[in-house]
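**Student:** Okay, sequence plus prediction incoming.
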Amino acid sequence: MRTDVRTYAGGDTTVERMALEAGALGYGAIVSVGGPPMTCGSVRVIPGVYVAAEKQNQALAAVRRAAEGTFVTVRLGEQGFNRAAAGFAGVHALSGVYRCRRNSFDHVAARTAADRGVAVELVLAPLVRERGGLRQAALRRYADVLVLQARYGFPLVLGSGARSCLDLRAPRAAHALCRLFGLDADGVEAALTGVEALMSPALLVRVVE
Amino acid sequence: MKPRPPTLRANRRYLLVRIAPVSLVPDGKALYLAIAEAVSALYGDVGAAVIDQAVVAVERGHAIVRCRRGEEERLIGAVATVSAVDGTACAFHPRAVSGTILSLRDRLVPPPESVQLDETTEGEIVRQRRRIGAARVDVIEHDYKGERVVYFETIHPEER
């Protein structure tokens, strides 16, 4: 099931309409930051929590406050914060790598994310909305993430960053945009369909006496 | 001027894109300029020259964009970065790629007709709620700037 992991409730589009439009584009689910859990037609709406904190303790507290069944994303920042955030329990994805400084998401954070099964979110919005230097920076950061991903194997997820249904992009467009920074078709499909595995990770069998 | 023989002509591919919102019917020239700007910004002048894009038709909620064969994916990527035409927010969703315009026209499914539900006036601003298909409702605002969709929602169960 293809999932757009980053849409926002509260823009000029209702959550139901966002789900309908996403379904028409070929998505089976969307993560709606600030939206309620629901199913609209054949599209499942997963509530999302986006943690944008400056300090580790603030971020950790916000992650702990997130309700069961929400998709929790933490915004990346400085290098130390990123290394810690990759190891937080209950975090599904790390976002905002395009706005980080060079190497602030480094090999230590990448290894931790791979060990903990935390994904790195690639948002298409900076590729769509920005022009010039900002888009070039985003492409460089995403290409750098792919180098780390090839080495450590952490999962990737894709989101449009849509606040309006006009910001949604079809999977085919996502393929074309991801090709710009070197993510191949298999990688895009894995990123689009990886949310279910993140939400319900395969755990070891425990014997409960 | 004598036309070039078919074997010497460049091979083309045609991309069918759906225009969102449904109420937007962009002018072909404005659409061409928006796509040309997106292609140039993304791939530069050399890339734009290779892609050789052109808007062939705008009809029934869709546009047909032409490019050189082998450049379809790059054109899809560039078209995905268009977020406004002539200052009006919009999106273009790729539907199909083909070697002939005719086969794209066969695949073209026109959007449902919109039906006006109600209209409110606030000073010089007129707001219309237009139902599109079974569940979608667009709130369209008319003022001195023109017409634009300001809110996207779904139909309330009581209005069905």
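**Tutor:** Nice, I can see it. Numbering: from 1, shown residues only, chains lettered A, B, ... in the order given.
**Student:** Which positions in chain A make contact with chain B?
**Tutor:** Residues of chain A lying near chain B by CB under 8 Å from any CB of the partner chain: A:12-14, A:16-18, A:20-21, A:25, A:40, A:127-129, A:131-132, A:135, A:164-170, A:172-177, A:179-180. C-betas here are computed from N, CA, C, even on glycine.
**Student:** Show me which of the residues you listed are buried.
**Tutor:** Listed as buried from the residues of chain A next to chain B are A:12-14, A:16-18, A:20-21, A:25, A:40, A:127-128, A:135, A:164-170, A:172-177, A:179-180; burial here means 16 or more other CB atoms under 10 Å in any protein chain shown.
**Student:** Show me where chain B has its strands.
**Tutor:** Assigned by DSSP state E, chain B shows strands spanning B:12-20, B:54-59, B:62-68, B:84-85, B:88-89, B:91-98, B:114-122, B:125-132, B:136-143, B:146-154.
**Student:** May I have the strands that pair with the fifth one, each with its orientation?
**Tutor:** As defined by DSSP bridges, the strand partners of strand B:88-89 come to strand B:84-85 (antiparallel).
**Student:** can you list the weak-confidence ranges in chain B?
**Tutor:** Within chain B, the segments meeting pLDDT under 70 span B:157-160.
**Student:** Get me the contact residues on it for chain A.
**Tutor:** Within chain B, the positions near chain A by CB under 8 Å from any CB are B:20-21, B:41-42, B:73-74, B:76-77, B:79-81, B:83, B:89-91, B:93-94, B:135-137, B:150-154.
**Student:** From residue B:77, how far out is residue A:192?
**Tutor:** Distance, residue A:192 to residue B:77, by CB to CB, to the nearest Å: 16 Å.
**Student:** Mind giving me the packing neighbours of the lengthiest helix in chain B?
**Tutor:** Across chain B, the longest stretch assigned as helix under DSSP state H is helix B:28-51. Helices and strands touching helix B:28-51, by 3 or more CB pairs under 8 Å, 6 or more residues apart in numbering or on different chains; DSSP states H and E, are strand B:54-59, strand B:62-68, helix B:72-80, strand B:84-85.
**Student:** how about it: buried residues?
**Tutor:** B:31-32, B:34-36, B:38-40, B:42-43, B:48, B:51.
**Student:** which residue is nearest the centroid of chain B?
**Tutor:** residue B:19 (3.2 Å; CA atoms, centre = their mean).
**Student:** Do I have it right that that one meets residue B:64?
**Tutor:** No: look at residue B:19 against residue B:64 with CB atoms under 8 Å: they stay out of range, at 11.1 Å.
**Student:** so what sits against both of those two?
**Tutor:** Common contacts of residue B:19 and residue B:64, defined by CB atoms under 8 Å, 6 or more residues apart in numbering or on different chains, comprise residue B:58.
**Student:** Show me what stretch A:104-120 is in contact with.
**Tutor:** Residues external to stretch A:104-120 that are found in contact with it (CB under 8 Å, 6+ apart): A:76-79, A:82-83, A:85-89, A:91-95, A:97, A:141, A:144-145, A:148-149, A:151-157, A:194, A:198, A:201.
**Student:** Take the buried ones among the residues of chain A next to chain B and keep only those in strands.
**Tutor:** Short answer: these in strands (DSSP E) are residue A:40.
**Student:** Narrow the contacts of stretch A:104-120 to those that are buried.
**Tutor:** Buried members of the contacts of stretch A:104-120, scored by 16+ other CB under 10 Å, are A:76-77, A:79, A:82-83, A:85-86, A:88, A:91-95, A:97, A:141, A:144-145, A:148-149, A:154-157, A:194, A:198.
**Student:** picking up where we left off before, which members of the buried residues of helix B:28-51 are the farthest-apart pair?
**Tutor:** Maximum pairwise distance in the buried residues of helix B:28-51, criterion CB to CB, is 18.3 Å, between B:31 and B:43.
**Student:** name the element the spatially most central residue of chain A belongs to?
**Tutor:** Within chain A, one residue has its C-alpha closest to the average C-alpha position: by CA atoms, centre = their mean, that is residue A:121, at 3.2 Å. Using DSSP states H and E, residue A:121 maps to strand A:119-123.
**Student:** okay, that strand in PDB with CA atoms only?
**Tutor:** Below are the C-alpha coordinates for strand A:119-123, written out as PDB (Å, rounded to 0.1, in the frame of the first residue of the first chain):
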ATOM      1  CA  ALA A 119      13.300   5.800   8.600                       C
ATOM      2  CA  VAL A 120      14.600   8.900   7.000                       C
ATOM      3  CA  GLU A 121      11.800  10.900   5.400                       C
ATOM      4  CA  LEU A 122      12.400  12.500   2.000                       C
ATOM      5  CA  VAL A 123      10.000  15.300   1.400                       C
END
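**Student:** quick one, what contacts residue 47?
**Tutor:** If you meant another chain, say so; for now it's chain A. Neighbour list for residue A:47: A:31-32, A:34-37, A:67, A:69-71 [criterion: CB under 8 Å, 6+ apart].
**Student:** Sorry, I should have been clearer: chain B.
**Tutor:** B:39-40, B:74.
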